[in-house]
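> Okay, here's the prediction I keep looking at, along with the sequence it came from:
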Amino acid sequence: MLKDRKKPDLLKGKIVPTMFLMGWPIMIESVLQIGYNLADTYWLGNMGPESGKEALAATQVSWPLVWLMVSIGTGFGIAAIALISQHTGAGHLKEAELDAGQLFFFFLVFSSFVAVLGFFISPYLLDFILHDSPEVAAKGTIFMRTIFLGQPFMFTFMAFAFILRAWGDTLTPMLITAVSVGANIVLDPMFIYGIGPFPEWGIFGAAFATFLTRMIAAIIAMYLIFSGKVGIVLKLKNMKPDMARLKKFFKIGAPASIGNSGTAFGFVVLTFIIARVHNSEASLAAYNAGDRVLGVMFILMGGLAVAMSTMVGQNLGADQKERAEEVVKKGMVTLAGLMAVCTIALFLLRREFISIFNQDPEVIRIGTEFLLIFSLSMPFFGMFRAVNAVFEGSGHTKYMMGLDILRLWGLRVPLCYILALYMGLQSTGVWIGMGLSNVISASVALVVLSLGKWKEKVISDKTPVFTRSEKRG
């Protein structure tokens, strides 16, 4: 059974190998999520010259609005990682499962609210954004409403994934994601084009395929965690609202949500600035292509960062502060070193990377400049992400929120605006501002980390320790 599969030993194993052992399934899962989006893009884009263009435009506008809601909920998943990982490390198995139940309860309530709200406001939002393109707005409304109705399924699986990551199992969520993505790739063309017995639903077909495959993932996840086949067990009584626990979730999760959603909106503003530089069309295309390249590299870093946060949490819970400190030091060196290797790759192959996505000479010129300038700051971003991972695992998310806001709103947005538009450096100023924000924010993050607040647990030492047999009694 899945619960009998050996998990990485986060309390005693070698730190860097354990980090990679736990991190690689998260990397694969992120790649699979990209496959999810690429499938929709490919099949919708081939509906026909006009229909395909309108469908792609509709989905491009819809997804940022959906993901803004997701970024808010993700903060509470970070709270679960801190609480459940620390309880797991301390041997408080019953407490870990009670916190898991509260995360499911909160996500169910939150996602239901998002689903209803999103369904009703979708046409008004899209009419406002696309007032000059009523056809695209109409298609976007169909797509967005269906995706919003599927939010409870999406958040159910997100809760499952957060809980298992805190528990130390990253492989199971990756395997379920692989099943879901595979099903979506198969069902997309069937529902879009009406292949065989399936109806020809166009853009609604793409949204319905996503709805259906996320429902499948949620059902599998709920079966596994309620049956106890993944080690940690969820019972309906654990989902009964506990105000004391929910208060702690809000205390830890709210700052993380503010940081996440603030970051997401900051990138929207950054796009707004790029759209106002000289040769903005080529600059936006270059930024889009370069961002896709960087996204692949950040997937590698993201997997290790999640592993690092869980290792910090479990070791703090087990009162192994010295080992937690070692995790922090080695994790930071690993993430910064990985980004240094990526910097070298970008320096040597920057033109080739941009050419994959666009053959326009001006786009290639601007894109290679973007990768060259920004890549120099990537080791610093590796350090910044490592510090954030420490605060995620320790549960001190106010520091994480402050650092995120500083990087985007205190540094990146004003620097890019001043350098690009006020000083007249145009797109070059944007790239310099982005790089400087990473360097400065990483330096501040290291100072904040050195204060040592992260070493304090967010769980109580008075919590009784339950063995597996006592708990099942």
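Looks like it came in fine.

> going forward, measure contacts and count neighbours with C-alpha atoms only.
Will do.

> how about the helix or strand that contains Tyr399: buried residues?
Element membership of Tyr399, judged by DSSP states H and E, is helix 397-405. Buried residues in helix 397-405, counting neighbours by 16 or more other CA atoms under 10 Å, are found at 397-405.

> Also stretch 225-243?
225, 228, 230-234, 238-239.

> Can you get me a residue count around Val70?
By the criterion of other CA atoms under 10 Å, Val70 has 20 neighbours.

> show me what contacts it?
Counting by CA atoms under 8 Å, 6 or more residues apart in numbering, Val70 makes contact with nothing.

> Would you agree it falls within a helix?
Yes - assessed by DSSP: H, G, I helix; E, B strand; the rest coil, Val70 belongs to a helix.

> Which pLDDT value belongs to it?
Predicted confidence (pLDDT) for Val70: 81.

> returning to that earlier point: just send the buried residues of helix 397-405 back as TSV, with pLDDT too.
Formatted as TSV, the buried residues of helix 397-405 follow (pLDDT from 0 to 100):
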residue	pLDDT
Thr397	93
Lys398	94
Tyr399	95
Met400	93
Met401	93
Gly402	95
Leu403	95
Asp404	93
Ile405	93
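
> Does the spatially closest residue to Gln314 that is not a sequence neighbour lie in a helix or a strand, and which?
Spatial nearest neighbour of Gln314, chain neighbours left out: Gly89 (4.0 Å); criterion: CA to CA, 6 or more residues apart in numbering. Here Gly89 sits within helix 49-90, counting by DSSP H and E.

> Name the next helix or strand following that helix along the chain.
Beyond helix 49-90 toward the C-terminal end (DSSP H and E), the next one is helix 93-129.

> chain center to that next one, what's the gap?
A distance of 16 Å separates the centroid of the chain from that of helix 93-129, by CA atoms, centre = their mean, to the nearest Å.

> Mind listing what's buried along the helix or strand just after that helix?
Sequence-wise, the next helix or strand downstream of helix 93-129 (DSSP H and E) is helix 134-149. Buried residues in helix 134-149, counted by 16+ other CA under 10 Å: 135-149.

> domains of this protein?
Domain segmentation of the chain under automatic domain parsing yields 12-241, 251-458.

> Mean pLDDT lowest where, among the ones you listed?
Taking the mean pLDDT of the domains of the chain, domain 12-241 comes last: a mean of 88.

> end-to-end on that domain?
One end of domain 12-241 to the other measures 35 Å (CA to CA, to the nearest Å).

> what's the answer for stretch 233-247, then?
22 Å.

> Contacts for that stretch, please.
Residues contacting stretch 233-247 (CA under 8 Å, 6+ apart): 97-102, 104-106, 225-228.

> So Leu406 sits against Ser443, correct?
No - counting by CA atoms under 8 Å, Leu406 stays clear of Ser443, with 11.7 Å between them.

> Neighbour count for those two, which is higher?
Leu406 (20 against 15).

> Identify the residues contacting the closest residue to that one other than its chain neighbours.
Sequence neighbours aside, Ser441 is the residue nearest to Leu406 in space, at 6.9 Å (criterion: CA to CA, 6+ apart). By CA under 8 Å, 6+ apart, Ser441 lies in contact with 384, 403, 406-407, 411.

> Do a quick rundown of the strands in this structure.
In the chain, no strands are found when defined by DSSP state E.

> Excluding sequence neighbours, find me the nearest residue to Ser112.
Nearest to Ser112 is Pro152, by CA to CA, 6+ apart, at 5.9 Å.

> Surely the one you found and Ser111 touch.
Yes - look at Pro152 against Ser111 with CA under 8 Å: they come within range, at 4.9 Å.

> returning to that earlier point: quick one: which of the buried residues of helix 134-149 is nearest Ala282?
Val136 (23.4 Å; CA to CA).

> Quick check: the gap between the closest one and Ala55.
7 Å.

> just Thr74 next, same as before
28 Å.

> which of these two has more neighbours?
A side-by-side neighbour count of Thr74 and Ala55, using other CA under 10 Å, places Ala55 first with 29 against 23.
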